[in-house]
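Engineer: I would like the atomic coordinates for the input below:
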Amino acid sequence: MCIRDSYDAEGGIKKIVAIGNVRIKQKDRIVLSDKAIFANKEKKVILTGNPRIWQGEDMISGEKIIVFLDQDRIIIEGNKKNRVKAIITPKAKKNKSIFNTMACCKSVRNIKDSEFGV
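Structural biologist: The predicted structure is shown next:
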């Protein structure tokens, strides 16, 4: 893994870039990707290169995943080649999962209730 960092004028971390077999653990989440960019000011991590997030048995993947660290919010982006995928395991007692905090899924847009038979 290659790690590069940059600093602001006060000497604080501005950005950290990790490339190659990136693995991040945050509470009960495990994140794997080929590249991760931590933007300190925005408190977010941008994951690219086959990004995947697991929380327990649940898993999401896409072209790009953005994790907002201080908001408990995630954006998953996909495209025609690499669609957003999710595996959600039913639980007898619904716990908070990454899918409860998912803010946007760009590969699933403007789906009408009628398409789900509602």
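Engineer: longest strand in the protein, by number of residues?
Structural biologist: The longest strand of the chain (DSSP state E) is strand 13-26.
Engineer: where does the protein dip in pLDDT?
Structural biologist: 1, 5, 92-118 (pLDDT under 70).
Engineer: in it, which spans are strands?
Structural biologist: For the chain, strands defined by DSSP E occupy the ranges 2-7, 13-26, 29-39, 44-48, 52-55, 58-61, 64-68, 73-77, 85-87, 102-105.
Engineer: and the contacts of the third one?
Structural biologist: With Cβ atoms under 8 Å, 6 or more residues apart in numbering as the contact definition, strand 29-39 has outside contacts at 13-25, 44-55, 65, 67, 98. Yep, even glycine has a C-beta here, placed from its N, CA and C like the rest.
Engineer: that one pairs with which strands, and in what direction?
Structural biologist: Strand pairing for strand 29-39, determined by DSSP bridges: strand 13-26 (antiparallel), strand 44-48 (antiparallel), strand 52-55 (antiparallel).
Engineer: any chance of TSV for those, columns mean neighbour count and distance to Lys85?
Structural biologist: Below are these laid out as TSV (neighbours: other Cβ atoms under 10 Å; distance: least, Cβ to Cβ, whole Å):
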stretch	mean neighbour count	distance to Lys85
strand 13-26	14	19
strand 44-48	21	14
strand 52-55	18	9
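Engineer: of the ones you listed, which is nearest Val84?
Structural biologist: Closest approach to Val84 among the strands paired with strand 29-39 (Cβ to Cβ): strand 52-55, 11.3 Å.
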